[in-house]
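Participant: just to be clear, the model below is a prediction. Sequence and coordinates:
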Amino acid sequence: MNTHKIAVAVDGPAGAGKSSISKIVAKKLGYLYIDTGAMYRSVTWAVLHNHIDVHNQKAVEALLPELDLTMEASDDSCKVYIAGQDVTDYIRTPQVNNAVSIVASYKGVRQYLVERQRLMAEAGGVILDGRDIGSVVLPDAELKIYLTASVEARAMRRYLEVKGTSNEQTLEDIKDSVMQRDDMDKNRKESPLIQVEDAVLVDSSNMTFDETVEHILHLVQERI
């Protein structure tokens, strides 16, 4: 059996299912899943928790040395810690959702997290997902995937995910939020969301979750 392990970069817009799909693919392959989105969310949570204005870039970047951000693999996800505090359950709120693209647009924040992501990926056998993995974080990854879906499909998935929870929102509000995130991510100055030339496009609009997982597993096996 071929034991060669590669680095897989999964990019795409908000709500495309990058994290949940990458997580399952990593588990099936015995790879380490690195949730880069959770890293940006954790920084955003820390900014809000410390009552820092998210629009104040200098204040946001000044907080970074104090964060002591660490990650730990768990059975069903990636746990994230800020200064030893488990913040995994605190980083998925609407408040963090609405501010994360602003915080992630700052050069200092991106440099801080990209450095950590590259160190974690050095050994191979990893899957990273985010907005700029193939373009900036791991430009030499053996497999780059651009995972996307229509705005309508992404909004509906998010709506079903939060329905009946404390984070419940209307479908229209979620759709507006998805479009705003797309606009910010694609037009930001630092590391905008793009599909790099050598990335394989996977449009999951009309695919089930399991079909998307199987398709990506097949792409990885092809590269190995």
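Facilitator: That came through fine.
Participant: just the pLDDT for the residue positioned nearest the centre of the chain.
Facilitator: Centroid-nearest residue in the chain, with CA atoms, centre = their mean: Gly37, separated by 3.0 Å. As predicted, Gly37 sits at a pLDDT of 86.
Participant: tell me which element it is part of?
Facilitator: helix 36-49 (DSSP states H and E).
Participant: now do the strands in this structure.
Facilitator: Assigned by DSSP state E, the strands in the chain fall at 7-11, 32-35, 69-73, 78-82, 85-86, 126-130, 143-148, 200-203.
Participant: for the protein, longest helix please?
Facilitator: Ranked by residue count, the top helix of the chain under DSSP state H comes out as helix 171-187.
Participant: could you export that one as PDB, CA atoms only?
Facilitator: In PDB, the C-alpha atoms belonging to helix 171-187 read as follows (Å, rounded to 0.1, in the frame of the first residue of the first chain):
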ATOM      1  CA  LEU A 171     -33.000  32.400   5.300                       C
ATOM      2  CA  GLU A 172     -33.000  35.900   3.900                       C
ATOM      3  CA  ASP A 173     -30.600  37.200   6.600                       C
ATOM      4  CA  ILE A 174     -28.300  34.300   6.000                       C
ATOM      5  CA  LYS A 175     -28.300  34.800   2.300                       C
ATOM      6  CA  ASP A 176     -27.400  38.500   2.700                       C
ATOM      7  CA  SER A 177     -24.600  37.600   5.100                       C
ATOM      8  CA  VAL A 178     -23.200  35.000   2.700                       C
ATOM      9  CA  MET A 179     -23.200  37.600  -0.200                       C
ATOM     10  CA  GLN A 180     -21.500  40.200   2.100                       C
ATOM     11  CA  ARG A 181     -18.800  37.600   3.100                       C
ATOM     12  CA  ASP A 182     -18.200  36.700  -0.600                       C
ATOM     13  CA  ASP A 183     -17.800  40.400  -1.500                       C
ATOM     14  CA  MET A 184     -15.400  41.100   1.400                       C
ATOM     15  CA  ASP A 185     -13.400  37.900   0.900                       C
ATOM     16  CA  LYS A 186     -12.900  38.400  -2.900                       C
ATOM     17  CA  ASN A 187     -12.200  42.200  -2.700                       C
END
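Participant: quick one, that helix and strand 143-148 angle?
Facilitator: Here helix 171-187 runs at an angle of 140 degrees relative to strand 143-148 (axes from the mean of the first three to the mean of the last three CA atoms, to 10 degrees).
Participant: could I get the pLDDT score of the closest residue to Val103 other than its chain neighbours?
Facilitator: The shortest distance from Val103 to any non-neighbouring residue, by CB to CB, 6 or more residues apart in numbering, is to Thr44 (4.4 Å). C-beta: built from backbone N, CA, C; applies to glycine. Note for Thr44: predicted pLDDT of 98.
Participant: same deal with the one 3 residues further on?
Facilitator: According to the per-residue confidence, Val47 scores 98 in pLDDT.
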